[in-house]
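Enquirer: take a look and give me a structure for this.
(one chain, ligands or ions: 3)
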Amino acid sequence: MKAEVLLGLQWGDEGKGKIVDVLTPHYDIIARFQGGPNAGHTLEFNGIKHVLHTIPSGIFHDTTTNVIGNGVVIDPVILKREIDALRTLHVDVTRRLLVSRRAHLILPTHSLLDKASEAAKGKEKIGSTLKGIGPTYMDKTGRNGLRVGDIDAPDFKVKYDKLVAKHRELLRFLDADTDPTELEKAWFEGIETLRQLTRIDSEQYINDALIAGKRVLAEGAQGSMLDIDFGTYPFVTSSNTMCAGACTGLGIAPSRIGGVIGIFKAYCTRVGSGPFPTELLDDDGEKMRQVGREFGSTTGRPRRCGWLDLPALNYAILINGVTELMMMKADVLSPFDTIRVCTHYRINGELTNRLPYDICTAEIEPVYVDLPGWNDDLTGITSPDAMPAALLDYIHFIEKETGVPVSVVSVGPDRTQTLLRKPIGETVGA
Ligand code: GDP
Ligand code: IMO
Ligand code: MG
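Expert: Residues are numbered from 1 along each chain as shown. Ligands and ions are numbered 1, 2, ... in the order given. Below you'll find the model as predicted:
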């Protein structure tokens with residue numbers, strides 16, 4: 001069996017959590033492969049709205065196993081909070097969740113370092129979620145990190161103290177708060193919660209499952225434009241959010257990856273700093289924000305909004321090898337008479353449909369085509385056959401410009417507001 005990968009193609013918050021929840025009944029395992037509690041994946045069903053940060057979005061389904069892979073960074077405090085919230089909803093997390101021993105731990109001082117680093121950058125700050133993501137991945141690649149498996153070692157506390165001492169030096173250098181004592185009680189309580197979970201060699205577990213014919217879906221966090229290598233560097237996150245991240249973040253060989261599901265919004269959003277060629281700073285942008293309730297699931301910050309950006313989308317499709325697109329939040333565009341799509345950038349008078357290396361500094365003028373809006377409430381539609389003609393034209397336009405089929409159209413946040421243009425199981429989840 002081959003694993004399938006689901007990931008965001010824009011700047012995050014595309015609606016990955018909702019779709020993973022919809023697809024989960026077709027899989028045996030849902031596995032997160034990178035990122036950490038910077039992610040906020042929202043699920044809505046039966047009147048419940050739930051935001052997950054570290055735990056994979058298949059957790060609400062009884063027959064599917066959820067794995068936090070080695071590529072994920074875990075803050076035990078946030079993980080405990082997530083588990084407690086799920087328990088109040090009677091979700092048997094202990095049975096349904098497995099955690100890789102190789103996943104790295106976010107220490108309280110990593111979060112302090114994240115805050116200090118952002119403060120030191122001043123106006124140039126990344127707009128990080130301040131969850132300690134960057135400093136934790138720095139310790140991972142710097143070979144200083146603590147991993148989940150270390151909590152079983154007799155000298156765990158010694159290792160912890162050693163790393164904290166190093167962090168305090170760095171914090172002093174940055175003129176920042178160096179004392180994690182207040183945060184440590186909750187952190188060690190989180191470690192106790194982690195001890196109660198089943199810890200595994202997830203690369204073995206997932207490969208064994210694939211060999212045994214089980215269906216695996218790898219769940220990405222953030223989006224391709226936030227990828228550490230291919231995103232709008234330096235305004236990115238610190239992991240590979242692209243498909244290759246599923247190989248390193250779960251230990252799956254490229255030859256064992258089948259379909260790649262690319263999730264995108266019918267428009268674009270971004271939280272934090274960095275380039276956003278199609279950003280709307282006018283009433284239309286504000287309208288998207290209000291109608292789409294575009295406020296961060298993790299930080300509550302207002303999300304920047306703009307029209308769909310095809311050069312960026314096609315770049316993401318290319319680097320990920322996307323085989324199937326799923327378009328989210330089509331309902332949010334209902335109030336617009338005209339819908340604009342950026343097909344090219346004009347840079348120094350030249351037209352291009354490629355993403356420039358210097359995207360952070362180049363003066364980019366987006367070139368748009370205007371398409372007619374549908375001006376129809378989509379939120380009650382239950383069949384793709386009931387989609388207005390203008391929406392269908394919009395989808396056909398995107399399929400033509402990307403060369404990839406759009407298999408799902410989402411018309412509201414609820415699980416049920418999902419229009420399947422092809423039955424699940426025909427291409428993915430088979
Ligand atoms: P993720 O990080 O990719 O999982 O996305 P988030 O959960 O951060 O953000 C997506 C937001 O849009 C959440 O509030 C979802 O409940 C909501 N959402 C998802 N799909 C739709 C949709 O089709 N229409 C509307 N109006 N909201 C949606
Ligand atoms: P999900 O999985 C949207 C953004 C932050 C910031 C940059 C770096 O919900 O789509 P970090 O804390 O990772 O160092 O921040 O990346 N960012 C996200 N934006 N959705 C996310 O996750 C994000 N995770 C990080 O706003 O600009
Ligand atoms: Mg999100």
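
Enquirer: need the next SSE after the helix or strand that contains Val369, C-terminal direction.
Expert: In this structure, Val369 sits in strand 364-372 according to DSSP states H and E. Using DSSP H and E, the helix or strand that follows strand 364-372 in sequence is helix 389-402.

Enquirer: tell me the angle that next one makes with strand 364-372.
Expert: Counting by axes from the mean of the first three to the mean of the last three CA atoms, to 10 degrees, helix 389-402 lies at 140 degrees to strand 364-372.

Enquirer: distance between helix 389-402 and the chain's centre?
Expert: Relative to its chain's centre, helix 389-402 lies at 25 Å (CA atoms, centre = their mean, to the nearest Å).

Enquirer: which residues are in contact with Val236?
Expert: Counting by CB atoms under 8 Å, 6 or more residues apart in numbering, Val236 makes contact with Ile126, Met225, Leu226, Asp227, Ile228, Gly274. All C-beta spots, glycine's among them, are computed from the backbone N, C-alpha and C.

Enquirer: how about it, phi and psi?
Expert: Note on Val236: its backbone torsions stand at phi -140, psi 180 [degrees, to the nearest 10].

Enquirer: gap between it and Tyr137?
Expert: Using CB to CB, to the nearest Å, we find Val236 at a distance of 11 Å from Tyr137.

Enquirer: check contacts around Arg304.
Expert: By CB under 8 Å, 6+ apart, the residues touching Arg304 are Thr269, Arg270, Val271, Phe276, Glu279, Gly285.

Enquirer: look at the closest residue to Asn320 other than its chain neighbours and report its pLDDT.
Expert: Closest residue in space to Asn320, ignoring its immediate chain neighbours: Cys243 at 4.3 Å, by CB to CB, 6 or more residues apart in numbering. Listed pLDDT for Cys243 reads 98.

Enquirer: ok, Cys243 to ligand 2 distance?
Expert: Computed with CB to the nearest ligand atom, to the nearest Å, the distance linking Cys243 and ligand 2 is 15 Å.

Enquirer: redo the contacts of Val236 as a markdown table? Include neighbour count, secondary structure and pLDDT.
Expert: Rendered in a markdown table, the data for these read as follows (neighbours: other CB atoms under 10 Å; DSSP: H, G, I helix; E, B strand; the rest coil; pLDDT from 0 to 100):
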| residue | neighbour count | secondary structure | pLDDT |
| --- | --- | --- | --- |
| Ile126 | 18 | coil | 94 |
| Met225 | 28 | helix | 98 |
| Leu226 | 28 | helix | 98 |
| Asp227 | 25 | coil | 98 |
| Ile228 | 19 | coil | 98 |
| Gly274 | 20 | coil | 97 |
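
Enquirer: a markdown table for these, including distance to Ile206?
Expert: Formatted as a markdown table, those follow (distance: CB to CB, whole Å):
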| residue | distance to Ile206 |
| --- | --- |
| Ile126 | 31 |
| Met225 | 27 |
| Leu226 | 24 |
| Asp227 | 22 |
| Ile228 | 23 |
| Gly274 | 33 |
